[in-house]
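Colleague: Next come a sequence and a model predicted from it.
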Amino acid sequence: QVQLVESGGGLVQPGGSLQLFCEVSGITFSRHSANWYRQAPGKERELVAGVTSGGLTNRAASVRGRFTASKDNAKNTLYLQMNSLKPEDTAVYYCEAHSPLQPSHKYWGQGTQVTVSS
């Protein structure tokens, strides 16, 4: 059974930092690409940042220079380091993994809430 479990969310002040974790089990993580998405109230889910199975990273323009995704295949864990947080970063953050051979077959976590507020 494939499981993705996010943690690390919480309440942080504007300008602060948080690190999110996504522990993955049930798949060969090294052979999968993994991404972070977020969904704010009333908005569609959007891609934030990710790491391909080959180790290439990507991130949305809105978080460039502030957020970094990384992947530790030995620990089966995906990370999201978030710095210089803004109120508009408030959302539920989800991790997702997929094989590059089946990109439409995505595994999802349950999400973790990040709230940026003073």
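Modeller: Looks like it came in fine. The structure displayed is predicted, hence computed values, not measured ones.
Colleague: in the sheet, who's paired with the residue nearest the centre of the chain?
Modeller: Centrality entry for the chain: nearest residue to the mean C-alpha point is Trp36, 2.4 Å, by Cα atoms, centre = their mean. Taking DSSP bridges as the rule, Trp36 bridges to Ala49, Cys95.
Colleague: tell me the phi and psi of the spatially closest residue to Gly55 that is not a sequence neighbour?
Modeller: The shortest distance from Gly55 to any non-neighbouring residue, by Cβ to Cβ, 6 or more residues apart in numbering, is to Lys71 (7.5 Å). All C-beta atoms are positioned from the backbone trio N, CA, C, and that covers glycine. Dihedral pair for Lys71: phi -140, psi 130, per degrees, to the nearest 10.
Colleague: Does Lys71 touch Ala34 like I think?
Modeller: Yes: under the criterion of Cβ atoms under 8 Å, Lys71 is in contact with Ala34, at a separation of 5.8 Å.
Colleague: Now do the shared contacts for these two.
Modeller: Among the neighbours of Lys71, those also in contact with Ala34 (Cβ atoms under 8 Å, 6 or more residues apart in numbering) are Val51, Leu78.
Colleague: between those two, which one's more packed in?
Modeller: Under the neighbour definition other Cβ atoms under 10 Å, Lys71 and Ala34 were set side by side, and Ala34 has more, 26 against 23.
Colleague: Test my guess that the more buried one contacts Tyr94.
Modeller: No: because the distance of 11.2 Å does not satisfy Cβ under 8 Å, Ala34 is recorded as not touching Tyr94.
Colleague: list the contacts for the residue nearest to the centre of the chain?
Modeller: Contacts of Trp36 were listed using Cβ under 8 Å, 6+ apart, and they are 20, 22, 47-50, 67, 69, 78, 80, 93-96.
Colleague: go again using 10 Å as the cut-off
Modeller: Applying Cβ atoms under 10 Å, 6 or more residues apart in numbering, one finds that Trp36 lies in contact with 6, 20, 22, 47-51, 59-60, 63, 67, 69, 78-80, 82, 93-96, 109.
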